[in-house]
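Colleague: Structural data only, the sequence is not supplied:
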């Protein structure tokens, strides 16, 4: 399969003025790519070419990579034993990163691992995993170093990252005629070397980090390859779910947990709230029903339960009219000597199915930080049939960025579905 998209602008603020599909006008970069993929029964391969254009006045365009070729391949064996579901997997990942300032970071990573899941006769679920990863870097600091080296310094750097984990859960099920409840204690032990990430390896693909309920039980919480989560640690929590057997899509769930590290670390103290080996509390509450939906994802300070992150969404109504509110608070934090600002905003929205073919929606975003104010509001009217879609949209933005002082826009868009969803 071959996919791709290409974006380019001569004005950094162009996409703030005009609503273009697949473009987030709050991003600091335009991202274009050409991707080739192969899907096999046990083998998957992907080759991707990335292109970036800076939209921020704070970023030197010469420090932006021109093109980043990446390669990812994964192979998983069938079961290696007759009586146990033991399987092996092999992963190969590489990236070539270079800028106009002659900075270069070429990486090749190889991972070999084993997985062994099984269940006991009394219902205990156990997931075992062991892997060893080797990373090799060829680096040139160029004219503007991203690492603790002198300019125009060329060197190679390697890293060996072994990790083993065991995840154990024990789902306890209680059923009645009308409902099903599942109470599931979960614990995961991860063992890896107690070391630090090397400053000689530039952090390019692991700058985003968010500790929450979605990555409570994972081996490595960094999304990329340039940084790894080191040290042995125990993640534990309690999950509870309840389902209405007489109503479709009616459920309530809850998760609460934290992480205990065997050794202290300075690298992730701010992003995970470590204090005396223990992390912040994380969790979520979710309620789903036909007429009302709610989710609440949180991260709380372990010592005083002060909020570090609150992500709340509530929606109610039926198809003819549905109303919703979303609230996000993310405290400021520091990771890898980079400071990330606090986020604090609220969003109101509505959607309405007017007829079989017509629908309308609208939204309003407001910045709740000190000296904040309205961010954006807009409305949309859409017509759909089997072949085409016609969209009338109105948008008012209050953003400020150099020559862009906010805008009011009205757009008409036509989508041709029979040509593969052009414009969608």
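Modeller: Great, that's in hand. Only a predicted model underlies this, so the values are computations on that prediction, with no experimental measurement involved.
Colleague: what about the strands in the stretch 201-350 of the chain?
Modeller: 233-244, 251-261, 281-288, 292-300, 307-318, 321-330, 333-335, 338-340, 343-353 (DSSP state E, counting those that start in this stretch).
Colleague: okay if I get the ones you listed as CSV plus mean pLDDT, distance to residue 136 and mean neighbour count?
Modeller: Glycine gets a C-beta too; all of them are placed from N, C-alpha and C. Output for these, formatted as CSV (pLDDT from 0 to 100; distance: least, Cβ to Cβ, whole Å; neighbours: other Cβ atoms under 10 Å):
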stretch, mean pLDDT, distance to residue 136, mean neighbour count
strand 233-244, 96, 26, 18
strand 251-261, 96, 28, 19
strand 281-288, 96, 34, 18
strand 292-300, 95, 35, 18
strand 307-318, 94, 36, 16
strand 321-330, 95, 35, 16
strand 333-335, 76, 24, 16
strand 338-340, 76, 25, 12
strand 343-353, 95, 37, 16
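Colleague: Make CSV from these and add distance to residue 205 to it.
Modeller: Formatted as CSV, the strands of the stretch 201-350 of the chain follow (distance: least, Cβ to Cβ, whole Å):
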stretch, distance to residue 205
strand 233-244, 22
strand 251-261, 23
strand 281-288, 24
strand 292-300, 23
strand 307-318, 23
strand 321-330, 21
strand 333-335, 13
strand 338-340, 14
strand 343-353, 22
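Colleague: Just tell me which of these ends up closest to residue 77.
Modeller: Residue 77 lies closest to strand 233-244 among the strands of the stretch 201-350 of the chain, at 27.7 Å (Cβ to Cβ).
Colleague: Packing partners of that closest one?
Modeller: Packing contacts for strand 233-244, counted by 3 or more Cβ pairs under 8 Å, 6 or more residues apart in numbering; DSSP states H and E, involve strand 179-191, strand 251-261.
Colleague: so how far is stretch 297-307 off the chain centroid?
Modeller: Centroid separation for stretch 297-307 versus its chain: 21 Å, with Cα atoms, centre = their mean, to the nearest Å.
Colleague: For residue 300, see how far away residue 138 is.
Modeller: 43 Å (Cβ to Cβ, to the nearest Å).
Colleague: ditto for residue 377
Modeller: 32 Å.
Colleague: Can you classify residue 418 as helix, strand or coil?
Modeller: helix (DSSP: H, G, I helix; E, B strand; the rest coil).
Colleague: Pull the contacting residues for the closest residue to it other than its chain neighbours.
Modeller: Once flanking residues are discounted, residue 418 sits nearest to residue 387: 5.3 Å by Cβ to Cβ, 6 or more residues apart in numbering. By Cβ atoms under 8 Å, 6 or more residues apart in numbering, the contact set of residue 387 is 416, 417, 418.
Colleague: go with 10 Å
Modeller: Residues in contact with residue 387 (Cβ atoms under 10 Å, 6 or more residues apart in numbering) are 415, 416, 417, 418, 419.
Colleague: Next secondary structure after the lowest-mean-pLDDT helix or strand in the chain?
Modeller: Lowest on mean pLDDT, DSSP states H and E among the helices and strands of the chain sits helix 14-17, with a mean of 58. The helix or strand immediately downstream of helix 14-17 is strand 29-39, counting by DSSP states H and E.
Colleague: Tell me the helix or strand right after that following strand.
Modeller: From strand 29-39, the next helix or strand downstream (DSSP H and E) is strand 43-54.
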